[in-house]
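[1] Here you go, sequence then predicted model.
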Amino acid sequence: SNSSLVAYTKISPNKTSPRNHAIDTITIHCVVGQVTAERLGDIFAPTTKKASSNYGVDKDGRIGMYVEEKDRSWCSSNAANDHRAITIEVASDTTAPYAVTDAAYNSLIKLVADICKRNGIKKLLWKNDPDLVGNVSKQNITLHRWFAAKECPGQYVIDHLPDIVNKVN
């Protein structure tokens with residue numbers, strides 16, 4: 001099933017249907033722009049973009065869905081990660097540390113809690129260790145920067161992951 005928290009839907013053609021792994025991981029990304037849910041849907045709409053995410057949280061905290069949970073988004077530069085993860089883009093500042101608004105942050109926590117509950121993820125685990133990718137009994141959050149030369153999700157989100165984990169759990 002998909003989140004009932006979604007306020008806007010624009011399904012991207014950039015996906016693999018269906019995913020080939022059970023959902024057991026969360027990957028949070030930064031958009032690098034204080035965008036709306038609609039704008040994010042427009043970004044993921046062209047097939048030439050070859051990118052998408054399952055969900056997005058806009059600058060006002062509104063949640064968009066761009067790839068249903070049953071399908072794999074093209075988000076983390078790593079197919080294996082995207083097959084097992086729900087990927088979430090969050091509107092952020094355009095410069096480091098890529099801070100997100102309070103509204104986006106609070107909606108992100110609600111969305112991640114909802115995803116975990118519906119998908120049987122009993123507890124979020126965060127060690128900041130790329131060697132634990134796929135070892136979900138020790139860590140079930142991954143970072144885009146582990147799979148590509150990017151700053152994503154930005155230092156702001158990374159610094160707040162302990163708080164996000166605590167609030168979701």
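    Received it, and whenever you're ready, just let me know what you need.

[2] Just give me how far stretch 153-169 sits from the chain centre.
    12 Å (Cα atoms, centre = their mean, to the nearest Å).

[3] same check, this time on stretch 98-112
    Worked out by Cα atoms, centre = their mean, stretch 98-112 lies 11 Å from the chain centre.

[4] same deal with stretch 85-93?
    For stretch 85-93, the distance to the chain centre is 4 Å (Cα atoms, centre = their mean).

[5] where does the spatially most central residue of the chain land on pLDDT?
    Centroid-nearest residue in the chain: I88, 1.8 Å away (criterion: Cα atoms, centre = their mean). Note on I88: pLDDT of 98.

[6] and the helix or strand hosting it, C-alpha only, in PDB?
    Here I88 sits within strand 85-90, counting by DSSP states H and E. Provided in PDB are the C-alpha atoms of strand 85-90 (Å, rounded to 0.1, in the frame of the first residue of the first chain):
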ATOM      1  CA  ALA A  85      14.300   1.100  -0.100                       C
ATOM      2  CA  ILE A  86      11.500   3.600   0.000                       C
ATOM      3  CA  THR A  87      13.200   6.800  -1.300                       C
ATOM      4  CA  ILE A  88      12.100  10.200  -0.100                       C
ATOM      5  CA  GLU A  89      13.200  13.500  -1.600                       C
ATOM      6  CA  VAL A  90      13.000  16.500   0.800                       C
END
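
[7] which helices and strands does it pack with?
    In this structure, strand 85-90 makes packing contacts with strand 25-30, strand 55-57, helix 102-119, judged by 3 or more Cβ pairs under 8 Å, 6 or more residues apart in numbering; DSSP states H and E. From N, CA and C alone the C-beta is placed, and that goes for glycine too.

[8] can you pull the buried residues of the last one?
    Which is helix 102-119. 104-105, 107-116 (16 or more other Cβ atoms under 10 Å).

[9] now swap in the first one and tell me
    Of the residues in strand 25-30, 25-30 count as buried by neighbour count, 16+ other Cβ under 10 Å.
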